[in-house]
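A.B. asks: predicted model follows, preceded by the sequence.
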Amino acid sequence: MISQSLHTSNVKHHCMSCSTGKFLFLIMIFGVAYLMLTHTSPTNSVTGGFVKGSKNNSVEHITGGGIRFGNFLRKPPRLPPQLPPDEKGSNGNLVHERRKLNSDPKWIARQQDVKKAFIHAWSGYKKYAMGYDELMPVSKHGVDGLGGLGATVVDALDTAMIMSADEVVSEAGLWIEAHLSNRINQTGQVNLFETTIRVLGGLLSAYHLSSVEKGMDSTHKGPKPVVYLETAKILADRLLSGFTSSPTAIPFGDVVLRDPSAHPAPDGRSSTSEVSSLQLEFNYLSSVSGDPKYSVEAMKVLEHMKTLPKVEGLVPIFINPSTGEFSGENIRLGSRGDSYYEYLLKVWLQKNQESNVTYLYDMYEEAMKGVRHLLVRKSIPNGLVFVGELPYGSEGSFSPKMDHLVCFLPGTLALGATKGITKKKAMTDSVINFEDLKNLKLAEDLAKTCFEMYSVTSTGLAPEIAYFHTEEFSEGGLDGGNKSSEYVNDIIIKPADRHNLLRPETVESLFVLYRITEDPKYREWGWQIFEAFEKYTRIDTGGYSSLDDVTAIPPHKRDKMETFFLGETLKYLYLLFGDSSVLPLDKFVFNTEAHPIPVEGTTKRG
């Protein structure tokens, strides 16, 4: 009777003939029913402005099997937009229950497999190339392609510390103590950017981690931490000439360490990403040395860039240090553009989101809106989300070309959305807004695309560059070779782009997304990538080799082990499979070479 009275619109009103007592009795019964139904279960409680366990904002909620009638009688609250549905894995099935996997024997074993791979890579380098920048593992010798500063030694050191690979820590640390200062004093021309992110960044990270960061079981092998700091200062003092020699705030790209002196690149231009990706390292050096000169010079670059004209926050990939102006119109998030956007966010985070650097986050937010508006497209026939390029600026034609380097972006977007905490905590604490949610959704979509760039090839390894089929762009006969892939017709791999350099960007983003979403699919994707590296790039005598063609079986070895395979790729895989309390993303920022640097005011050295 009560149910009919509430839900049938054409019931005649007979209550006028009822006695007052019966009417009051009905009200009392209704009230009791209301109280029971609205207090049965907290399943759909509103926490931090979001409705948990609900797919929409309907005024009807199923609670404990009953309808909450109270919602018919009051206006529903205005809720912030919910996170777009992301509970489905790539096969459309619900993902496994999100449980803590840090103590799962499977992931402990897989993490140890990554450590074994690192030891194998180091053993080849130590045997055939110790002190050289890079190992050529097939021909078994070393090569200096980065100035001769022993770049692999420094790049690999903090990875060894994180993995508690004590023998490697000792070997690398003692080499640095014995040789690196002399190398710096004797070395000729180096690239300011590459030397900063790999060598200076590696030294500074080792300085911090050697004091025993939480979660690391270091036995204090190698030299005292001050050795790393003093060597970093010697190097940075030489690198400063890149800034002080320039007539503008934009540094020259090449530095002669032994003079020291600096000069522009042959065409007079610097890469936008290179000059804007020095700040994390120089800021931290000022912090630990007490000398502000490093930070002052590096931050001038970003302060100057704030004043330059942009296209919806996006910038050309070249800048002229002689004029301080951007050069050309080419806009992309791949080579020469990528880490500009990364460091806008990360320097702001490094500075603990201080008000005097808010302009950096504002620039980052504007740029990500520009990315979504101008660069994001979907492939055909299956709708992979990708980021293309504007080779001739916003008024020119769009190119559906995406470098593997662009796969840094999912991790950066996710980091920017939650500022390093988990999505769950960000929602509970109401510190995530609509823009953040859009960026996080884009991060997950792009991460899937980056993973599919691996899975469409015969080897399961991604090419250096991919193109995507669109309504305007199509080329036949250039797929990745894995005919069983759902996306084999979406991705085009041209012959000149089929090489793989053991790059880290995809596994970097999988690591960040796993930390933030706690979705185990990112670990599974990372494991598939690691298995492909093991199968096709491992050299039995030591080391791993880049490949010429990921679509061919067996692939021809390129005979080069880049320093970032030890410094980044294996580090991110190890952290992906490990405990999320190690190097938490709200306490550390990783420079663009994966060297962790503490956020100001959040960590203390032991």
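C.D. replies: All right, it came through fine.
A.B. asks: residues contacting the spatially closest residue to residue 576 that is not a sequence neighbour?
C.D. replies: Excluding its sequence neighbours, the residue lying closest to residue 576 (Cβ to Cβ, 6 or more residues apart in numbering) is residue 511, at 4.3 Å. (Glycine included, C-beta is placed from N, CA and C.) Contacts of residue 511 were listed using Cβ atoms under 8 Å, 6 or more residues apart in numbering, and they are 411, 522, 526, 572-573, 575-576.
A.B. asks: now the helices for the stretch 301-450 of the chain?
C.D. replies: Remark: helices assigned in the stretch 301-450 of the chain by DSSP state H, counting those that start in this stretch are 338-350, 358-370, 409-418, 423-428, 434-455.
A.B. asks: er, the stretch 101-250 of the chain I mean
C.D. replies: With DSSP H, counting those that start in this stretch as the criterion, the stretch 101-250 of the chain has helices at 105-129, 151-162, 166-175, 181-186, 192-194, 201-209, 225-239, 241-244.
A.B. asks: ok, which of these comes nearest residue 311?
C.D. replies: Evaluated over the helices of the stretch 101-250 of the chain, closeness to residue 311 peaks at helix 192-194, with 23.4 Å, by Cβ to Cβ.
A.B. asks: report the rounded mean pLDDT for that closest one.
C.D. replies: What helix 192-194 shows for mean pLDDT is 99.
A.B. asks: thinking again about what came up before, so which of the helices of the stretch 101-250 of the chain comes closest to residue 315?
C.D. replies: Shortest distance between residue 315 and these, using Cβ to Cβ, is found for helix 192-194: 16.1 Å.
A.B. asks: if we can go back for a sec, quick check: which element contains the residue nearest to residue 576?
C.D. replies: Using DSSP states H and E, residue 511 maps to helix 505-517.
A.B. asks: okay, which residue is most central for the protein?
C.D. replies: Central residue of the chain (Cα atoms, centre = their mean): residue 411, 2.7 Å from the mean position.
A.B. asks: against residue 504, how distant is it?
C.D. replies: In this structure, residue 411 and residue 504 are 10 Å apart, going by Cβ to Cβ, to the nearest Å.
A.B. asks: just residue 464 next, same as before
C.D. replies: 13 Å.
A.B. asks: ditto for residue 321
C.D. replies: 29 Å.
A.B. asks: same check on residue 578?
C.D. replies: Distance of residue 578 to residue 504, computed by Cβ to Cβ: 16 Å.
A.B. asks: residue 266 now?
C.D. replies: On the measure of Cβ to Cβ, residue 266 and residue 504 end up 29 Å apart.
A.B. asks: number of nearby residues for residue 445?
C.D. replies: Residue 445: 20 surrounding residues under other Cβ atoms under 10 Å.
A.B. asks: let me fix that, I meant to ask about residue 245.
C.D. replies: Residue 245, neighbours per other Cβ under 10 Å, totals 16.
A.B. asks: where does this structure have low pLDDT?
C.D. replies: In the predicted model, the chain carries pLDDT under 70 at residues 1-102, 212-220, 604-606.
A.B. asks: can we see that at 80?
C.D. replies: 1-103, 212-221, 603-606 (pLDDT under 80).
A.B. asks: how much space separates the residue nearest to the centre of the chain from residue 438?
C.D. replies: Residue 411 sits 16 Å away from residue 438, going by Cβ to Cβ.
A.B. asks: next one: residue 341
C.D. replies: Note on residue 341: its distance to residue 438, by Cβ to Cβ, is 16 Å.
A.B. asks: out of these two, which sits in the busier spot?
C.D. replies: residue 341 (28 against 18).
A.B. asks: from residue 315, how far out is the more buried one?
C.D. replies: Between residue 341 and residue 315 the computed distance is 9 Å (Cβ to Cβ).
A.B. asks: residue 567 too?
C.D. replies: Residue 567 sits 27 Å away from residue 315, going by Cβ to Cβ.
A.B. asks: next: residue 498.
C.D. replies: Distance, residue 498 to residue 315, by Cβ to Cβ: 30 Å.
A.B. asks: which one's more surrounded, those two?
C.D. replies: Neighbour totals were compared for residue 498 and residue 315, and residue 498 leads with 25 against 22 (other Cβ under 10 Å).
A.B. asks: correct me, but that one touches residue 546?
C.D. replies: No - using Cβ atoms under 8 Å, residue 498 makes no contact with residue 546, being 11.6 Å away.
A.B. asks: end to end, how far does stretch 249-258 reach?
C.D. replies: End-to-end distance for stretch 249-258: 23 Å, by Cα to Cα, to the nearest Å.
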